[in-house]
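Novice: whatever this is, show me its structure:
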Amino acid sequence: MKKLAVWYVAGLLMAVVIFQPAMVYYVFNKFKDTLVVSGLVVLSLAFLYLHHERVRKAWLLWPWLIYLLYNLPSALFLLARGEIPYTWITWALAPGVFYLMVVETGKFPQATLYYRRSLAFLAVGQALAAMGVLFPLIGTDWFSSVSAGAVFNVELIRSNIWRVAEEGFEALENPLLLFINGTFEHSANLALFSSMALFLIWLLIKNDPNTFLRRFYSIEIIFLLVVIILTFSRGAWLGLALALICLAPFQKTARRWLLGLTLMMTALLIFFPLARTMIVERIQSEGTVIDRFVNYANALSVWNESPIWGVGFGHYNQELSQIGGQEVINPHNDFLLHLAEGGVVGLLIYLSIFWTFIYKAWRSKIAIRLSQESENILFSGLAILICYLVFVLTSPGQSMLSILFILMAIWEIDLKHEYF
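Specialist: As a prediction, the model looks like this:
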């Protein structure tokens, strides 16, 4: 029964990862059952917290509860006004509940190994789904279209797999307008997930007792690197590079990976003209860069309306339209979004969630002399966290919080130090 319970929870978590918030919004807009889901999430939280000592001792619990309580009045205000607070479910409640569920199931033998394997196979599936859409497009494949002289304009890449799923491939006038994004709502999210999965898979190569799977993971890492490059997500590229640079002085593996990644990119730029054209054009493209600076200025303008307490969770677009700005989903910077919606106080509470993990890593490093296995675990968790934090400087990351919290819960359990 215990093993069954582990797999049941693991399956639930993987389903949430697969059916991204874009799909959740689509369902909610049709059936208006968000409140039912919200109630179930709250009940799950209450059950986990009240009945399980392991959960009450989880490191992320308290800063996350403060974050929820601080933003709850704004969510209730939206509800009273007749709006369904989707962001409250997917960006606030759900990620923390998933974190606590993983912490709870971590008491079962090999639970985190099951989680890691499941996420590793999910990463392969997402990568295959993403690569698969590059070829069966309107009578010709994507690479041939580019090499035959089609203009590769990354600023025009605005479609995604949900549009294709709803309208079919005929909805795409140009095959170059298709994201490679698996089942994610955006190719950047696929890139971030793949970048974080790299470090989880690296740890599996070190620790998984199955020899065949360890060989499989080695091949998977190369495949994921190719997918990360082809998503053309500059935020994910930067996050992956900085994670390796930050950890290179302390970890031999980080130095090897950084060297290998540098050689791979150099080879692509020198020996593959098509790859060179696409990568250089992506780096030099100015449209999205300029748009982001406009978004950042808008976020600061919203923040000026209420510097200390913010305009309220989920109120960014409304406030932006009132001061004359153009409505956008968010400013493509999670820290500025929390500054605008929660003020200085809200931003500090949000940052405390991530500081929890950084502080935990610092304590584990200085408290005892780490074994090689523990050091590998520490390295992988910090790398995942750096990838995420760098990514959300230039892209929306809220829909990836659930995945991050799952990964960090696994990391917290696997460190296995009593003082945590």
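
Novice: any regions of the stretch 1-150 of the chain where pLDDT drops low?
Specialist: Low-confidence segments of the stretch 1-150 of the chain, defined by pLDDT under 70, are located at 1-8, 11-38, 109, 133-150.

Novice: which residue ranges of it form strands?
Specialist: Secondary structure of the stretch 1-150 of the chain, counting by DSSP state E, counting those that start in this stretch: no strands present.

Novice: pLDDT below threshold where in the stretch 251-400 of the chain?
Specialist: Low-confidence segments of the stretch 251-400 of the chain, defined by pLDDT under 70, are located at 272-288, 325-329, 366-370.

Novice: just the strands in it please.
Specialist: With DSSP E, counting those that start in this stretch applied, the stretch 251-400 of the chain shows no strands anywhere along its length.

Novice: which stretch of helix or strand covers the residue lying closest to Tyr99 once chain neighbours are set aside?
Specialist: If you skip the residues right next to it in sequence, Tyr99 has Phe405 as its closest partner in space, 3.8 Å away by Cβ to Cβ, 6 or more residues apart in numbering. Just so you know, the C-beta spots here come from the backbone N, C-alpha and C atoms, and that holds for glycine as well. Taking DSSP states H and E as the definition, Phe405 sits inside helix 401-415.

Novice: avg pLDDT for that helix?
Specialist: Helix 401-415 shows a mean pLDDT of 88.

Novice: so which bits of the biggest helix by length in the chain are buried?
Specialist: Across the chain, the helix with the greatest residue count (assigned by DSSP state H) is helix 334-367. Applying a neighbour-count criterion of 16 or more other Cβ atoms under 10 Å, the buried positions in helix 334-367 are 334-343, 346-347, 349-350, 352-354, 356-357, 360-361, 364.

Novice: one more: stretch 96-107?
Specialist: 96-106.

Novice: what of stretch 244-263?
Specialist: Of the residues in stretch 244-263, those scored as buried under the neighbour-count criterion (16+ other Cβ under 10 Å) are 244, 247-248, 251, 253-254, 257-258, 261.

Novice: and the residues you listed, which is closest to Ser306?
Specialist: Ser306 lies nearest to Leu247 out of the buried residues of stretch 244-263, by Cβ to Cβ, at 38.1 Å.

Novice: list the contacts for the closest residue to that closest one other than its chain neighbours?
Specialist: The spatial neighbour of Leu247 that comes closest, neighbours along the chain excluded (Cβ to Cβ, 6+ apart), is Ala254 at 4.0 Å. Taking Cβ atoms under 8 Å, 6 or more residues apart in numbering, we find Ala254 in contact with 243-244, 247-248, 379, 383.

Novice: helices and strands around the longest helix of the chain, which ones?
Specialist: helix 61-80, helix 287-305, helix 316-322, helix 372-391, helix 401-415 (3 or more Cβ pairs under 8 Å, 6 or more residues apart in numbering; DSSP states H and E).

Novice: am I right that Asn181 is in a helix?
Specialist: No. With DSSP: H, G, I helix; E, B strand; the rest coil as the criterion, Asn181 is located in coil rather than a helix.

Novice: just checking, it touches Phe193?
Specialist: No. Proximity of Asn181 to Phe193 does not meet the contact threshold set by Cβ atoms under 8 Å, at 10.0 Å.

Novice: between those two, which one's more packed in?
Specialist: The residue with more neighbours, out of Asn181 and Phe193, is Phe193; 29 against 26, by other Cβ atoms under 10 Å.
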